[in-house]
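> quick one, what's the 3D model for this:
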Amino acid sequence: MSEVKADYSLYLVTDRKMLRARDLGQSIELAIQGGVTLVQLREKSVSTREFLELAIRIKEITDHYHIPLIINDRLDIALAIDAAGLHVGQDDFPMLKARELLGPRKIIGVSASTLAEALLAQQQGADYLGVGAVFSTSTKTDASEVSLKQLEVIKQSVTIPVVAIGGINDKNLKQVLATGIDGVSVVSAILAKADILEAAKQLREIIR
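The predicted model follows:
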């Protein structure tokens, strides 16, 4: 586990398709001003150079607000920009190797959709779990579904923070929070909204 403590309560994952030509940096800044506590930069279909240039620009914004920037899947990018951490899926870069290369001061999160995956990730030294998809989601069509009951069982079975992911919005957020989890990961509930600042504020208010 890392030596760094983070606030996982309102965790934004990026998806530029949601922005309808709006600028990603400006959108992230508005989301942070609205109450986002952590940002994960996820880019699945760009070149390494483009991802690197984008990550450098986004890190300037997150650093300005003292918000941790997590890179999805790409250990090389996380290392190159000295990001706060890395998030890996079950088929991505192995957790143990990631820790070896990133060291003890970086946050590493692992996606899990079963109790066995969650327990293994904790045993291997993950800092937090991204558990889902709790509701069906257009941003990750291959995600396994996890019921609210399963989410609660995973939360009760591990000692590291659990972040619920998948289709979470202002309508179902209270249900998800009732499971006792440490935070929620959102994409469209903020980035697809016409008023990003207000959308983040509304979610923040429900979490409070």
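> give me the sheet partners of the longest strand along the chain and which way each runs.
Across the chain, the longest stretch assigned as strand under DSSP state E is strand 107-112. Partners of strand 107-112 in the sheet, by DSSP bridges, are strand 85-88 (parallel), strand 128-131 (parallel).
> buried deepest among these, which one?
Sort these by mean neighbour count, taking mean count of other Cβ atoms under 10 Å, and strand 128-131 sits at the top with a mean of 28. To be clear about C-beta, it is placed using only N, CA and C from the backbone, and glycine gets the same treatment.
> dump the strands paired with strand 107-112 to a markdown table, plus distance to Pro104.
Formatted as a markdown table, the strands paired with strand 107-112 follow (distance: least, Cβ to Cβ, whole Å):
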| stretch | distance to Pro104 |
| --- | --- |
| strand 85-88 | 12 |
| strand 128-131 | 15 |
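> I'd like these as a markdown table, with mean pLDDT and distance to Gly109 appended.
Output for the strands paired with strand 107-112, formatted as a markdown table (pLDDT from 0 to 100; distance: least, Cβ to Cβ, whole Å):
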| stretch | mean pLDDT | distance to Gly109 |
| --- | --- | --- |
| strand 85-88 | 98 | 4 |
| strand 128-131 | 98 | 5 |
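> ok, which of these comes nearest Gln156?
Nearest to Gln156, of all these, is strand 128-131, at 12.2 Å by Cβ to Cβ.
> for that closest one, give me every contacting residue.
For strand 128-131, the external contacting residues (Cβ atoms under 8 Å, 6 or more residues apart in numbering) are 6, 8, 87, 107, 109-113, 118, 121-122, 146, 151, 154, 158, 160-165, 181-182, 185.
> report the buried residues of stretch 191-206.
By neighbour count with 16 or more other Cβ atoms under 10 Å, stretch 191-206 contains the buried residues Leu191, Ala192, Lys193, Ile196, Leu197, Ala199, Ala200, Lys201, Gln202, Leu203.
> just the buried residues of the helix or strand of the chain with the lowest mean pLDDT, please?
Scoring the helices and strands of the chain by mean pLDDT, DSSP states H and E places helix 95-102 at the bottom, with a mean of 95. By 16+ other Cβ under 10 Å, the buried positions in helix 95-102 come out as Met95, Ala98, Arg99, Leu102.
> as CSV, those with distance to Ser136 would be great.
Output for the buried residues of helix 95-102, formatted as CSV (distance: Cβ to Cβ, whole Å):
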residue, distance to Ser136
Met95, 27
Ala98, 29
Arg99, 32
Leu102, 32
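> distance of Leu12 from Ser144?
22 Å (Cβ to Cβ, to the nearest Å).
> neighbour-wise, which of these two wins?
Remark: of Leu12 and Ser144, Leu12 carries more neighbours, 28 against 14, as counted by other Cβ atoms under 10 Å.
> that one: what's it in contact with?
Contacts of Leu12 (Cβ under 8 Å, 6+ apart): Ile28, Ala31, Val36, Leu38, Val39, Gln40, Ser185, Val186, Val187, Ile190, Leu191, Ala200.
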